[in-house]
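[1] okay, here's the prediction I keep looking at, along with the sequence it came from:
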Amino acid sequence: MNQEQIIIFDTTLRDGEQCPGATLNVDEKLLIAKQLARLGVDVIEAGFAYASPGDFEAIKKVAEAVGTENGPVICSLARAIKNDIKAAAESLKPAAKGRIHTFISTSDIHLEYQLKKTRAEVLDIAGEMVAYAKSFMDDVEFSTMDATRTEPEYLYQVLTRAIAAGATTINIPDTVGYTTPTEFGELIKGIKENVSNIDKAIISVHGHNDIGLGVANFLEAVKNGARQLECAINGIGERAGNTALEEVVMALHVRRQYFNPFVGRSAQSEAPLTNIDTRQIYKTSRLVSNLTGMLVQPNKAIVGANAFAHESGIHQDGILKNKLTYEIMDAESIGLTDNQIVLGKHSGRNAFRSRLKELGFDLPEDELNKAFLKFKDLADKKKEISDWDLEAIANDEIQASPEMFRVELVQVSCGDRSTPTATVTLRTPEGKELTDAAIGTGPVDAVYKAINRVINVPNELIEFSVQSVTAGIDAIGEVTIRLRYEGRVFSGHAANTDIIVASAQAYVNALNRLYGSLKQEKRSQMAQEV
Ligand code: KIV
Ligand code: ZN
């Protein structure tokens, strides 16, 4: 195994999707997986096969479409339980290169309260379940959950047993985001020195960001021997999220001369430390944010809206004289300036289709037709259509399917001397058109109240945001919303030059996700109410 290269393992579709409201449908997962392949990740953890039929199906589809000979390894998560491992193996059948990732907790607190098992029992399970996974495929990853709160001597024993049973990667998760950089580095060093068969496996790390140390912990792990990093786009994931892929990759890229010697290279080597095509980072970040409804904070490292903006006069002066005065990396290096003006009013369907294809959207005929109508509509309002506009249109179409409720009409009257009033028409899943009207405190409130009169699902709106896709008064507005229903969070996203229409569509998108998650009997109750 090449100890000079850092393997990037992306868990956006598994751990990333575990954050509230980030649920993705199969088509959305597929779209993200294709983009992750373009980004150049080495491994895609596509889901937890035993968790639900939807997860199983999504892994299979990703394995089919992206798990090609030259594509990334496709990984499926499984508890150290036979049925889980069997499901993981089954879900990976279409992949040219598959990996089963099995895990069990090893900290005393998890053993006592969660697993109710002794250390000896867990040690045996680890060995047996890795051997069982190995009976399905060669590439087996084993994780010791809550490793950073596990007694190191016991951790070494479990890891030795797992490698002896055939684990090719051993993963050290900081499950609760508890460790600190020096401590984590020492743990990895301890593993290298005390696990007798460690030369037969790659050391991987998995981190959570509860005290904001995810990236720092990983960099220290690399210095001490970790060669696989498990991370998620935009750092999404459980609680405070996973270690952000774009941050750790760019840290290794920008400071490669510092890190080179730790992986056995000369400091001056210009060879990249990872296989990531950094120019795909911004696009991947936007796609994940749009589809999960998880907004990126403006000051977020690498992909935040302000990450390359210089506000103070002194900084601007320096940048004009020489970029290097205040910039450690180019916006181009993450693909931020790849926003070409590509199409206009006179562009035809073929040009539209082929540009979408180049951007990675291979829409089925019906979705393409609808997207093309939206494009024409936009081209009437806006002279030049950029790649980002096209992405917004295509994402919208993908999110709208599988179609349940659809917005057919939105009409609003508002102003400083009138009561905001909205009329909406929605098409139901059965194809009926229903119209209702309401007044509200503002135009969006009125629209949402009118929609609530049609789709009667009491919910709480917990987040509403509007952002523009490009600059200019004619820019497309993107609306992202999150709502809570019976303790669960659902997100919705939509783009339109009219932000009131986008607001209605985003709300209906979220309601569709909510509706899709309901059991059949509850859905029919809702339908009757409708
Ligand atoms: O955080 C964690 O421990 C995990 C494991 C399943 C790897 O996500
Ligand atoms: Zn995790």
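    Ah, there it is. Ligands and ions are numbered 1, 2, ... in the order given.
[2] when you work out contacts or count neighbours from here on, use the C-alpha atoms and nothing else.
    OK.
[3] give the contact list for the closest residue to residue 242 other than its chain neighbours.
    Taking Cα to Cα, 6 or more residues apart in numbering, and ignoring the residues beside it in sequence, residue 242 has residue 208 as its nearest neighbour in space, at 4.3 Å. Taking Cα atoms under 8 Å, 6 or more residues apart in numbering as the contact definition, residue 208 lies against 174-177, 214, 237-238, 240-243.
[4] ok, now with 10 Å
    15, 173-179, 214-215, 217, 230-231, 235-244 (Cα atoms under 10 Å, 6 or more residues apart in numbering).
[5] are any of those buried, and which?
    Using 16 or more other Cα atoms under 10 Å as the burial test, these include 15, 173-179, 214-215, 217, 230-231, 235-238, 240-244 as buried.
[6] ok, which of those residues also contact ligand 1?
    Checking the buried ones among the contacts of residue 208 against ligand 1 by Cα under 6 Å from any ligand atom, the ones in range are 15, 173, 175.
[7] count of residues packed around the nearest residue to the last one once chain neighbours are set aside?
    What that stands for is residue 175. Among residues not flanking residue 175 along the chain, residue 146 sits closest, at 4.9 Å (Cα to Cα, 6+ apart). Residue 146 has 21 neighbours, counted by other Cα atoms under 10 Å.
[8] what's the answer for residue 432, then?
    12.
[9] that one against residue 426, yeah?
    Yes - if you go by Cα atoms under 10 Å, residue 432 and residue 426 touch, sitting 8.1 Å apart.
[10] coming back round to it: just the contacts of residue 208: which are in helices?
    In helices, judged by DSSP state H, the following of the contacts of residue 208 are found: 214-215, 217.
[11] quick one: which of those residues is nearest ligand 1?
    Closest approach to ligand 1 among the ones in helices among the contacts of residue 208 (Cα to the nearest ligand atom): residue 214, at 11.7 Å.
[12] quick one, what contacts the residue nearest to that closest one when sequence neighbours are not counted?
    Excluding its sequence neighbours, the residue lying closest to residue 214 (Cα to Cα, 6+ apart) is residue 243, at 4.7 Å. Residue 243 sits next to 11, 16, 177, 206-210, 212-218, 229-237 when contact means Cα under 10 Å, 6+ apart.
[13] could you do residue 76 as well?
    14, 44-50, 55-56, 59-60, 63, 84-85, 87-92, 98-102, 141.
[14] sec struct for it, please.
    Secondary structure state of residue 76, per DSSP: H, G, I helix; E, B strand; the rest coil, is strand.
[15] please name the residues that touch residue 206.
    9, 11, 143, 145, 147, 171-175, 177, 214, 217-218, 228-231, 242-243.
[16] all strands for the stretch 251-400 of the chain, in order.
    Secondary structure of the stretch 251-400 of the chain (DSSP state E, counting those that start in this stretch): strands located at 341-344, 384-386.
[17] okay, these, which one's buried deepest?
    Across those, averaging neighbours per residue (mean count of other Cα atoms under 10 Å) puts strand 384-386 on top, at a mean of 18.
[18] centre of the chain to it, how far?
    The chain centre lies 27 Å from the centre of strand 384-386; the measure is Cα atoms, centre = their mean, to the nearest Å.
[19] who does that strand pair up with?
    strand 341-344 (antiparallel) (DSSP bridges).
[20] output the partner strand as CSV, nothing but the C-alphas.
    Extracted in CSV, the C-alpha atoms of strand 341-344 (Å, rounded to 0.1, in the frame of the first residue of the first chain):
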residue,chain,number,x,y,z
ILE,A,341,-22.0,32.4,-19.2
VAL,A,342,-23.1,29.7,-21.5
LEU,A,343,-26.5,30.0,-22.8
GLY,A,344,-29.1,32.6,-23.8
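[21] residues from the stretch 1-150 of the chain in reach of ligand 1?
    15, 143, 145-146.
[22] apply 8 Å and report the result again.
    15, 77, 79, 102-105, 143-147 (Cα under 8 Å from any ligand atom).
[23] quick revisit: quick one: the residue nearest to residue 175 and residue 108 touch, right?
    Yes - here residue 146 reaches residue 108: they are 9.4 Å apart, a contact under Cα under 10 Å.
[24] hmm, back to that, could you measure from the residue nearest to residue 242 over to ligand 1?
    According to Cα to the nearest ligand atom, to the nearest Å, residue 208 stands 7 Å off from ligand 1.
[25] kindly provide the distance from that residue to residue 246.
    With distances taken as Cα to Cα, to the nearest Å, residue 208 is found 15 Å from residue 246.
[26] where along the stretch 151-300 of the chain do the helices fall?
    Secondary structure of the stretch 151-300 of the chain by DSSP state H, counting those that start in this stretch: the helices cover 152-164, 181-194, 214-223, 245-254, 256-259, 281-292.
[27] reformat these as a markdown table; add mean pLDDT.
    Compiled in a markdown table, the helices of the stretch 151-300 of the chain are given as follows (pLDDT from 0 to 100):
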| stretch | mean pLDDT |
| --- | --- |
| helix 152-164 | 98 |
| helix 181-194 | 98 |
| helix 214-223 | 98 |
| helix 245-254 | 98 |
| helix 256-259 | 98 |
| helix 281-292 | 92 |
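[28] export these as JSON lines, with columns for distance to residue 481.
    Listed next are the helices of the stretch 151-300 of the chain as JSON lines, based on distance: least, Cα to Cα, whole Å:
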{"stretch": "helix 152-164", "distance to residue 481": "43"}
{"stretch": "helix 181-194", "distance to residue 481": "36"}
{"stretch": "helix 214-223", "distance to residue 481": "27"}
{"stretch": "helix 245-254", "distance to residue 481": "24"}
{"stretch": "helix 256-259", "distance to residue 481": "39"}
{"stretch": "helix 281-292", "distance to residue 481": "10"}
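[29] give me the pLDDT value at residue 115.
    Per-residue confidence at residue 115 stands at 97 (pLDDT).
[30] beta-bridge partners for the closest residue to it other than its chain neighbours, please?
    Excluding its sequence neighbours, the residue lying closest to residue 115 (Cα to Cα, 6+ apart) is residue 105, at 7.8 Å. On the basis of DSSP bridges, residue 105 is bridged to residue 145.
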